[in-house]
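J.: Sharing a model that was predicted from the sequence below.
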Amino acid sequence: MRTKHQTVAAGHSVEVDPARWQELLDELLGRVAGRFARVDLRRRAKAFVRGLLADLPRKNCWTIAEHAGNPNPDGMQHLLSRAVWDHDAVRDDVRAYLVEYLGDPGAVLVVDETGDLKKGTTTVGVKRQYTGTAGRVENAQVAVYLVYATAAGHAVIDRELYLPRSWTDDPDRLQAAGVPHEVGFATKPALAQAMIRRALDAGVPAAWVAGDEVYGANPGLRAELEARGVGYVLAVACDHLVGFGGATHRADALLWQVPARAWQQISCGKGAKGHRLYDWAFLRLDHHGPAPAGQAGQHWLMVRRNQRTGELAFYRCYTPRPVPLAVLVKVAGTRWTVEERFQTSKGLVGLDQHQVRRWRSWYRWVTLAMLAHAFLVVAAVTEHTRQPPPSGLIPLTCNEIQHLFAALVATPIVDPRHRLGWSIWRRQHQARARACHYRRQANGP
């Protein structure tokens, strides 16, 4: 029997149908079921995803296995490390699922990287490097993600782990972490370029690419997008060189070309506290090299000025065909959706909570977290379509759906004997680990 929950509070009557969400999740899991070689792996993957969607204080193989009713984490660890299944094919299925619900020819592909702070030196890709997560140089693992953003919603559709040169120049280290032999050093823009290429080759409808200064400064990425007839709005540094008036100039040196009356106040999107209003100015840049066949592309330098502080930001823009300049502003604002996706993916489905060290395990954890997050995004979109919120309420967010799903559907095992058994298992494991550490310390380096 289908169980619906209805409540009346503060004058609002709201109906929630967890069974509908379960059907959505089952549909998504059904799409990827063929990627797993055996029935037991499919069941384990389903339990793993439900664990990612649960309200666990920390999400790793131990806590997810306990939530699923397993006697130990061996099965979940096997799923990530040695089991036979194609995580890249699951990524493709997740991407196709999201495009089915969010697809828009005017969509924006947003690229950005995020770092996960880590201890030690053996976790794949870990190095002391700058990460925006901490805002400084830290021991971290950095990955580049691709977000698909439309008016309906936005979600992560691809991922690549960044390996610093200190890793790719050390074959023994790569082998110990299980990195495939064909993987070599690739810059973050190169990783972004590969993900964008995959998405466009798969027929993902998109008109724009947005990214920060790391990607805006890369001529190879810009050239490929222009060759494909895809527009871009990519941030660049103030000292970035651009062609204007037959000469090369720093971006900030062209401000003298902008008269006071040319600045326009335009919103780059709605935020939690209202429209994000900035002053914007535009300069048409020189174009060097042939334009894509049949297209008269336009190149622009776009400048954003904070109305309160006067702080400036610069963007290189390309439009395959003329568009209102306000469209470029909107695309620039869409770039911030990636920060929201990082925040919700980490907070709701444990994107950064993995405790895995090897290459394959990292990709599998992140792919299953992407799948869990895709379910939340699609559930929110379908709820907005099915039941628009009454006046005085915002629509159901991914956060709210996750909390309700965890409370009403993804409930943990409550058998006291199961809990006590896990307590004993954890203490035994920790005792063995401590004994090994002491033995290693006694034997010396």
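T.: That came through fine.

J.: Please make it C-alpha for all contacts and neighbour counts, starting now.
T.: Noted.

J.: how close does residue 160 sit to residue 235?
T.: Counting by CA to CA, to the nearest Å, the gap between residue 160 and residue 235 amounts to 21 Å.

J.: Same drill for the two, tell me which one is more crowded.
T.: Using other CA atoms under 10 Å, the more surrounded residue of residue 160 and residue 235 is residue 235, with 25 against 18.

J.: Bridge partners for that one, pull those for me.
T.: residue 315 (DSSP bridges).

J.: separation between it and residue 219?
T.: Counting by CA to CA - residue 235 and residue 219 are separated by 13 Å.

J.: For the most centrally placed residue in the chain, list each beta-bridge partner.
T.: Central residue of the chain (CA atoms, centre = their mean): residue 156, 4.1 Å from the mean position. Residue 156 has these beta-bridge partners by DSSP bridges: residue 147.

J.: ok, it touching residue 148?
T.: Yes. If you go by CA atoms under 8 Å, residue 156 and residue 148 touch, sitting 6.3 Å apart.

J.: shaky segments in the chain?
T.: 1-15, 271-273, 288-296, 391, 444-445 (pLDDT under 70).

J.: so where do the strands sit in it?
T.: 5-9, 12-16, 108-117, 127-131, 136-149, 154-161, 208-211, 231-236, 241-244, 247-250, 264-271, 274-284, 298-305, 312-319 (DSSP state E).

J.: ends of stretch 394-401, how far apart?
T.: 13 Å.

J.: what's next to it, contact-wise?
T.: Applying CA atoms under 8 Å, 6 or more residues apart in numbering, the contact partners of stretch 394-401 are 344, 348, 376, 377, 379, 380, 383, 384, 388, 389.

J.: ditto for stretch 196-215
T.: Contacts for stretch 196-215 (CA under 8 Å, 6+ apart): 96, 99, 103-112, 146, 188-189, 221, 230-237, 331-332, 334-335.

J.: got it, and stretch 117-128?
T.: Looking at what lies outside stretch 117-128 - CA under 8 Å, 6+ apart - the contacts are 137-142, 161-164, 167, 174, 177, 356-359.

J.: What's the local residue count around the nearest residue to residue 314 once chain neighbours are set aside?
T.: Counting by CA to CA, 6 or more residues apart in numbering, residue 314 lies nearest to residue 303, which is 4.7 Å off, once chain neighbours are set aside. Residue 303: 25 surrounding residues under other CA under 10 Å.

J.: Hmm, residue 315 and residue 303 touching each other?
T.: Yes. Using CA under 8 Å, residue 303 makes contact with residue 315 at a distance of 6.4 Å.

J.: which ones are touching the residue nearest to residue 314?
T.: 280, 281, 282, 312, 313, 314, 315.

J.: mind redoing it with 6 Å?
T.: The neighbours of residue 303, taking CA atoms under 6 Å, 6 or more residues apart in numbering as the test, are 280, 281, 313, 314.

J.: Any idea what it is bridged to?
T.: With DSSP bridges as the rule, residue 303 is bridged to residue 281, residue 314.

J.: Kindly provide the distance from it to residue 173.
T.: With CA to CA as the criterion, residue 303 and residue 173 are 44 Å apart.

J.: got the contact list for the residue lying closest to residue 313 once chain neighbours are set aside?
T.: Distance criterion CA to CA, 6+ apart; nearest residue to residue 313, sequence neighbours excluded, is residue 304 at 5.0 Å. Contact analysis of residue 304 by CA under 6 Å, 6+ apart lists 279, 280, 312, 313.

J.: how far away is the last one from residue 306?
T.: Taking CA to CA as the criterion, residue 313 is separated from residue 306 by 9 Å.

J.: Who has more neighbours out of these two?
T.: A side-by-side neighbour count of residue 313 and residue 306, using other CA under 10 Å, places residue 313 first with 17 against 14.

J.: State the distance from the more buried one to residue 227.
T.: Residue 313 is 26 Å from residue 227, by CA to CA.

J.: Equivalent analysis for residue 95, please.
T.: 24 Å.

J.: now do residue 51
T.: From residue 51 to residue 227 the distance is 43 Å (CA to CA).

J.: So for these two, which residue has more residues nearby?
T.: residue 51 (27 against 13).

J.: Isn't the more buried one up against residue 64?
T.: Yes. Counting by CA atoms under 6 Å, residue 51 touches residue 64, with 5.0 Å between them.

J.: mind listing the helices for the stretch 51-200 of the chain?
T.: Secondary structure of the stretch 51-200 of the chain (DSSP state H, counting those that start in this stretch): helices at 61-68, 74-81, 87-102, 165-168, 171-176, 188-201.
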